[in-house]
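Chemist: Mind folding the following:
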Amino acid sequence: MNNIFSFTVSVLVMLAMTVETAQSQTTVPEDSVRAPLWQGVTVEIDMAPVVTNLFNDRSSFRYEAAARINLLNKYFPVIEAGYESRHQQLNSGIDFLGTGMFYKAGVDLSIIKSELKHSINNKFLLGARIGMSNFEYDVTNIPVRNAINGSAASVDWTGQRQTAYWMEIVAGIRIEVVKRVIMGWSVRTKNPFGEAEAGSVGPWYIPGFGRAGDSVWAFNYTIGYQF
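Modeler: The predicted model follows:
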């Protein structure tokens, strides 16, 4: 009986040692565990226009905010929205005023590779956006000349409405300055879709895009909070 008991105990001890050895060999270091799919969302405010608004007249201002979702600490779907009004008197004497909302949607990709379980909040991002603005504009004091008597006059085009679309390529960084408070900057190039109809009085400026026509560059300086 004692021999049987000793043999059974020996077998159990060997099995326990085998299982422990197998577990130690397959244990994955905590730092190499892949990040969970959902890593939170960061709400950002663009601080650059907040400063420039102080130096513009009351007819020219811009406000912009964004929500950035963190997936796997690598993919960042982004929604940006804002409101802008731009008043400009051109060299020809024409007066332009455009006002409207703008929206952007896209995704950023983190260039810094990370397989960590916990999110790293310092990031270098590359991404793209599709932008849209639905706005109204007035073009006034347009100089014209009477073809019959040659006299000079001016005409106004007011209450014009338009929807514009464009694409953006974005690069930027985000740094966690204190816990959950994120600051950063982005530089982007914007490329319009479509062209103005021949003979139409098109807008000089598009809210959220910039000066109408060719591609433009823009800079954003943001501060945000990660939830």
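
Chemist: Low-confidence bits of this protein, can you list those?
Modeler: Along the chain, segments meeting pLDDT under 70 span 1-35, 113-120, 147, 150, 195-200.

Chemist: how many other residues sit next to residue 111?
Modeler: Residue 111 has 12 neighbours, counted by other Cβ atoms under 10 Å. C-betas here are computed from N, CA, C, even on glycine.

Chemist: oh, I was asking about residue 63
Modeler: Residue 63 has 14 nearby residues by other Cβ under 10 Å.

Chemist: wait, isn't it in contact with residue 47?
Modeler: No - if you go by Cβ atoms under 8 Å, residue 63 and residue 47 don't touch, sitting 10.7 Å apart.

Chemist: Distance from whatever helix or strand residue 130 lives in to the middle of the chain?
Modeler: Using DSSP states H and E, the element containing residue 130 is strand 123-145. Between the centre of strand 123-145 and the centre of its chain there are 17 Å (Cα atoms, centre = their mean, to the nearest Å).

Chemist: so after that strand, what's the next helix or strand?
Modeler: Following strand 123-145 toward the C-terminus (DSSP H and E): strand 152-178.

Chemist: Name the residues of that next one that come out as buried.
Modeler: By neighbour count with 16 or more other Cβ atoms under 10 Å, strand 152-178 contains the buried residues 162, 164, 166, 167, 168, 170, 172, 174, 176.

Chemist: would you list every one of the strands in this protein?
Modeler: 38-46, 61-71, 75-89, 95-110, 123-145, 152-178, 181-192, 205-206, 210-211, 216-226 (DSSP state E).

Chemist: what lines up beside the fourth one in the sheet?
Modeler: Spelled out, that is strand 95-110. Within its sheet, and counting by DSSP bridges, strand 95-110 is paired with strand 75-89 (antiparallel), strand 123-145 (antiparallel).

Chemist: Could you figure out how far it is turned away from strand 61-71?
Modeler: 20 degrees (axes from the mean of the first three to the mean of the last three Cα atoms, to 10 degrees).

Chemist: Give me the buried stretch members for strand 95-110, please.
Modeler: Buried, per 16+ other Cβ under 10 Å, within strand 95-110: 95, 96, 97, 98, 99, 100, 102, 104, 106, 107, 108, 110.

Chemist: Throw the residues you listed into a markdown table and include distance to residue 82, thanks.
Modeler: As requested, those are exported to a markdown table (distance: Cβ to Cβ, whole Å):
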| residue | distance to residue 82 |
| --- | --- |
| 95 | 24 |
| 96 | 19 |
| 97 | 17 |
| 98 | 14 |
| 99 | 12 |
| 100 | 10 |
| 102 | 6 |
| 104 | 9 |
| 106 | 15 |
| 107 | 19 |
| 108 | 18 |
| 110 | 24 |
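
Chemist: Can you tell me which of those residues is nearest residue 151?
Modeler: Nearest to residue 151 among these is residue 95, at 20.9 Å by Cβ to Cβ.

Chemist: circling back to that earlier point, out of the buried residues of strand 152-178, which comes closest to residue 84?
Modeler: Of all the buried residues of strand 152-178, the one with the least separation from residue 84 (Cβ to Cβ) is residue 164, at 12.1 Å.

Chemist: Sounds good, over and out.
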